[in-house]
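Novice: what follows is a predicted structure for the sequence shown.
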Amino acid sequence: MAELKIRQEKFCQAYVLYRNATESAKIAGYSKGSAHTQGHRLMQRGDVKERIEELEKEVETRIDVVSEIENQYTYAKVRKMKHLKT
């Protein structure tokens, strides 16, 4: 993959966060008037789509969210019980 220009990279990073091509184009520095068109144009590019996919893989969570919440809840209950006993 060819290296993206700075604004294209910023667009990709913003798109991963906001999932909106127009807003991502604005964040990347494209003008408000052209952001819709630029966002659409960028989303048609293979290298931009490939970079977005790479970034999405980087931010995928490896934590089992439900288990983590259950563990934190259990920990909080135990701490509260210990506090009440003293």
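Specialist: Arrived safely, thanks for sending.
Novice: can you report how many residues lie near Gln8?
Specialist: Gln8 is surrounded by 17 other residues when neighbours are defined as other CB atoms under 10 Å. Every C-beta, even on glycine, is put in place using the N, C-alpha and C of the backbone.
Novice: sorry, slip of the keys, the one I care about is Glu3.
Specialist: Using other CB under 10 Å as the criterion, Glu3 is surrounded by 9 other residues.
Novice: what about the helices in this protein?
Specialist: Counting by DSSP state H, the chain has helices at residues 6-18, 21-28, 35-43, 46-59, 65-85.
Novice: nearest residue to Gly39 in space, please, no chain neighbours.
Specialist: The shortest distance from Gly39 to any residue that is not its chain neighbour, by CB to CB, 6 or more residues apart in numbering, is 3.1 Å, and that residue is Ala21.
Novice: again, but for Glu23
Specialist: Skipping the residues right next to it in sequence, Glu23 comes nearest to Ala14 by CB to CB, 6+ apart, at 7.1 Å.
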